[in-house]
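**Q** The following comprises the amino acid sequence and a computationally predicted model.
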Amino acid sequence: IGSQIWILMRGHIEIVGTLRGFDDYVNLVLDDAVEYAPDPRRGGRTVRTELKSEILLNGNHVAVLVPGGSGPTDYVDAVGS
């Protein structure tokens, strides 16, 4: 808790943020989160979106947790910054 984590979700979404809490079902609370997701309008290229508030991720959608991970490096541009 308090460390950066890279989360690969089911599907093609990845999220990087600061872990604030979790429970037995792997529901996660993150601060300073950034979402990386494919954008069909850009030919499926990965787009980076800063999420402006604390978020809760449903553990049913979490596929992989990477402690200390910084996320993908091949994204298009910042959206929502």
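**A** Perfect, thanks for sending it. Here the structure is a predicted model, which is why all the values come from computation and not from measurement. Residues are numbered from 1 along each chain as shown.

**Q** for the protein, what spans make up the strands?
**A** Using DSSP state E, the strands of the chain run over residues 4-9, 14-22, 28-39, 45-50, 55-57, 62-67, 78-79.

**Q** Take those strands and write them to a markdown table, including mean neighbour count and mean pLDDT.
**A** In short, each C-beta sits where N, CA and C put it, glycine included. Formatted as a markdown table, the strands of the chain follow (neighbours: other Cβ atoms under 10 Å; pLDDT from 0 to 100):
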| stretch | mean neighbour count | mean pLDDT |
| --- | --- | --- |
| strand 4-9 | 19 | 96 |
| strand 14-22 | 18 | 96 |
| strand 28-39 | 18 | 94 |
| strand 45-50 | 17 | 90 |
| strand 55-57 | 15 | 97 |
| strand 62-67 | 13 | 96 |
| strand 78-79 | 12 | 53 |
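
**Q** For burial, what's the neighbour tally of His12?
**A** Here the number of neighbours of His12 (other Cβ atoms under 10 Å) works out to 11.

**Q** Next, the contact list for it, please.
**A** Contact analysis of His12 by Cβ atoms under 8 Å, 6 or more residues apart in numbering lists 37-38.

**Q** Torsion angles phi and psi at it?
**A** Phi and psi for His12, reported as degrees, to the nearest 10, are phi -120, psi 10.

**Q** per-residue pLDDT, it?
**A** With respect to pLDDT, His12 has a value of 91.

**Q** Same check on Ser53?
**A** Looking at Ser53, its pLDDT reads 89.

**Q** What separation do you get for it and Leu30?
**A** Distance, Ser53 to Leu30, by Cβ to Cβ, to the nearest Å: 10 Å.

**Q** Also Gly2?
**A** Distance, Gly2 to Leu30, using Cβ to Cβ: 11 Å.
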